[in-house]
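Asker: Turn this into a structure:
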Amino acid sequence: IVQYVHDASETTSDSIGLSLADGGENSSTAAIGTFSITVTPVNDLPEGSDAGGTLVYTENAAPTVIDNSLSLNDVDDIHLEDATVSISTNYSAGEDVLAFTSVGSITGSFSGGVLSLSGHDTLANYETVLESVTYVNTSNDPSTAVRTISWVINDGEGSSSEITSMISIVSANDAPTLIVTAQDPEFLEDASGSVLFEVDSFSPIEAAQHIKELEFTVEGLIDSSSEQVIVDAEAINLVIGETGTTSTSSIGYSIQDVNDLVTVVLSFPVSVSPSDARTIVENIGYKNSSSFHASDGVRVFTLNRIQDDGGVANSGSDTTLFSAVSTVTVKAVNDAPTILAPVSLTTNEDESIYLVAGSVSEVSFVDVDAFSSDVKATLTTKKGRLFIDGGNASVTASGAHENWTYVVQGQISDVNSALDGAEF
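Answerer: Residues are numbered from 1 along each chain as shown. As a prediction, the model looks like this:
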């Protein structure tokens with residue numbers, strides 16, 4: 001039995017030559033013949049190789065080539081018609097993007113995790129294009145699942161088996177964001193407090209993270225411990241060295257002197273969610289607890305630093321520095337004076353009563369915000385007269401017969417001194 005086996009070359013014909021002889025008896029010649037064989041060509045699929053590497057991609061990096069050492073081959077064709085590069089496992093829509101550099105007639109588009117390339121062109125040009133394919137992740141909080149990249153080429157008659165590469169995603173922390181609108185409030189003496197900022201945007205960026213610290217400075221303080229900042233619904237004295245923790249959300253606070261500025265550092269525990277932290281920030285307020293006189297003027301609050309708990313590994317950033325200013329205009333409110341006087345006194349006819357400080361007959365005045373300003377006290381009598389030694393205060397009397405009016409004017413201490421010892 002004679003069997004023919006083709007050598008898998010691209011020939012389309014072949015032949016078998018035969019020679020038959022009987023050993024040379026009688027001087028006979030050998031019989032010679034040729035069999036012609038027609039070979040029907042069968043397409044050989046194109047092949048890709050030399051993939052299998054792993055690209056380590058760090059969050060926020062530029063588009064990066066996936067594999068620049070691919071090899072393409074097709075034993076019976078020097079052209080390809082199309083190719084696909086797909087993210088075949090763990091594709092994340094909205095963040096994973098593939099792109100390429102066009103060569104020759106090859107064009108393409110990316111959609112749904114698949115980069116589709118097409119155009120009649122050489123194996124060499126397709127290899128160049130595939131080696132130019134890049135990966136980029138557009139998210140600030142990417143999925144770190146390993147992506148599988150599958151490469152397939154097609155010569156117009158059939159597709160290759162897929163070869164694969166891998167992409168490993170390394171996350172890097174993004175600094176938190178805080179955007180506010182200053183309220184520039186007016187604070188009237190004896191008010192409960194004035195909110196400083198409206199929060200427009202607030203985020204640690206990465207969903208699993210929390211706000212760690214918030215820092216702001218305060219300028220223009222005048223009234224010592226009466227000046228307060230409201231945090232987590234608690235009033236904190238703006239005095240250097242003041243520290244503590246709020247009772248509601250356990251927000252730590254520290255009042256420090258940093259470069260001669262009163263600096264407030266708030267520390268947030270991980271139990272405070274980003275949304276709760278936002279609420280706390282947008283309710284930070286100013287209060288002046290002075291019950292008798294808040295000094296007029298402005299207090300300037302400047303937010304300047306926010307930090308999350310994501311750290312700085314892999315060139316990440318956990319802190320945003322900025323400057324957001326809210327100016328509080330403090331306005332004092334006049335407090336009415338109070339009078340200390342007996343309801344009634346008893347004396348005998350033709351006997352005098354003396355008004356004596358510190359006794360039951362004391363008549364005096366208190367004005368918590370008069371300070372060195374003059375005050376005017378008016379006293380009236382019926383069926384009697386007052387004899388007042390004015391001292392440093394001025395005293396005028398007017399009236400007739402039984403009805404008299406006395407006006408004592410001067411600083412509050414001088415008025416009270418004038419009345420101390422007055423005779424009725």
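
Asker: Tell me how far the strand or helix carrying Val56 lies from the chain's centre.
Answerer: Assessed by DSSP states H and E, Val56 sits inside strand 54-58. With CA atoms, centre = their mean, to the nearest Å as the basis, strand 54-58 stands 27 Å off its chain's centre.

Asker: strands paired with the very next helix or strand once past that strand, and their directions?
Answerer: The helix or strand immediately downstream of strand 54-58 is strand 64-65, counting by DSSP H and E. Here strand 64-65 has these sheet partners by DSSP bridges: strand 134-137 (antiparallel).

Asker: So what pairs up with the nearest residue in space to Phe197 that is not next to it in sequence in the strands?
Answerer: Nearest non-adjacent residue to Phe197, counting by CB to CB, 6 or more residues apart in numbering: Val180, 4.1 Å away. (Each C-beta comes from the backbone N, C-alpha and C, glycine too.) Here Val180 sits in beta bridges with Val199, as judged by DSSP bridges.

Asker: which residues does Val180 contact?
Answerer: 197-200, 281-282, 303, 324 (CB atoms under 8 Å, 6 or more residues apart in numbering).

Asker: which one of those residues is nearest Phe365?
Answerer: Phe197 (42.7 Å; CB to CB).

Asker: May I ask you to confirm that the closest one is in contact with Val281?
Answerer: Yes. Here Phe197 reaches Val281: they are 7.1 Å apart, a contact under CB atoms under 8 Å.

Asker: Would you enumerate the residues in contact with Asp96?
Answerer: Per CB under 8 Å, 6+ apart, neighbours of Asp96: 87, 113, 135, 137, 147.

Asker: Can I get those in CSV including neighbour count and distance to Thr243?
Answerer: Below are these laid out as CSV (neighbours: other CB atoms under 10 Å; distance: CB to CB, whole Å):
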residue, neighbour count, distance to Thr243
Ile87, 22, 52
Gly113, 18, 53
Tyr135, 22, 49
Asn137, 23, 42
Arg147, 23, 48
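
Asker: Near the residue lying closest to Thr101 once chain neighbours are set aside, how many other residues are there?
Answerer: Nearest non-adjacent residue to Thr101, counting by CB to CB, 6+ apart: Ser132, 4.0 Å away. Using other CB atoms under 10 Å, Ser132 has 15 neighbouring residues.

Asker: same deal with Ser295?
Answerer: Count around Ser295 with other CB under 10 Å applied: 18.

Asker: Identify the residue nearest it in space, chain neighbours excluded?
Answerer: Closest to Ser295 by CB to CB, 6+ apart is Ile222, at 4.2 Å.

Asker: which SS class is that neighbour?
Answerer: Counting by DSSP: H, G, I helix; E, B strand; the rest coil, the backbone at Ile222 sits in coil.

Asker: pretty sure it contacts His293?
Answerer: No. In this structure Ile222 lies outside contact range of His293 using CB under 8 Å: 10.5 Å.

Asker: which one of the contacts of Asp96 sits closest to Thr320?
Answerer: Nearest member of the contacts of Asp96 to Thr320, counting by CB to CB, is Asn137, at 21.7 Å.

Asker: Report pLDDT for that closest one.
Answerer: In this prediction, Asn137 carries a pLDDT score of 98.

Asker: Run through the residues that contact it.
Answerer: Here Asn137 is in contact with 57, 59, 92, 95-97, 169 (CB under 8 Å, 6+ apart).

Asker: possible to save those as CSV with secondary structure, distance to Glu127 and pLDDT?
Answerer: CSV is the format used below for those (DSSP: H, G, I helix; E, B strand; the rest coil; distance: CB to CB, whole Å; pLDDT from 0 to 100):
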residue, secondary structure, distance to Glu127, pLDDT
Tyr57, strand, 23, 98
Glu59, coil, 30, 96
Ser92, coil, 28, 97
Glu95, coil, 28, 97
Asp96, strand, 23, 98
Val97, strand, 22, 98
Ile169, strand, 27, 97
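
Asker: Any chance of the backbone angles for the residue nearest the centre of the chain?
Answerer: Residue closest to the mean C-alpha point of the chain, counted by CA atoms, centre = their mean, is Thr177 at 2.2 Å. Torsion angles at Thr177 (phi, psi; degrees, to the nearest 10) stand at phi -120, psi 140.

Asker: That'll do, ta.
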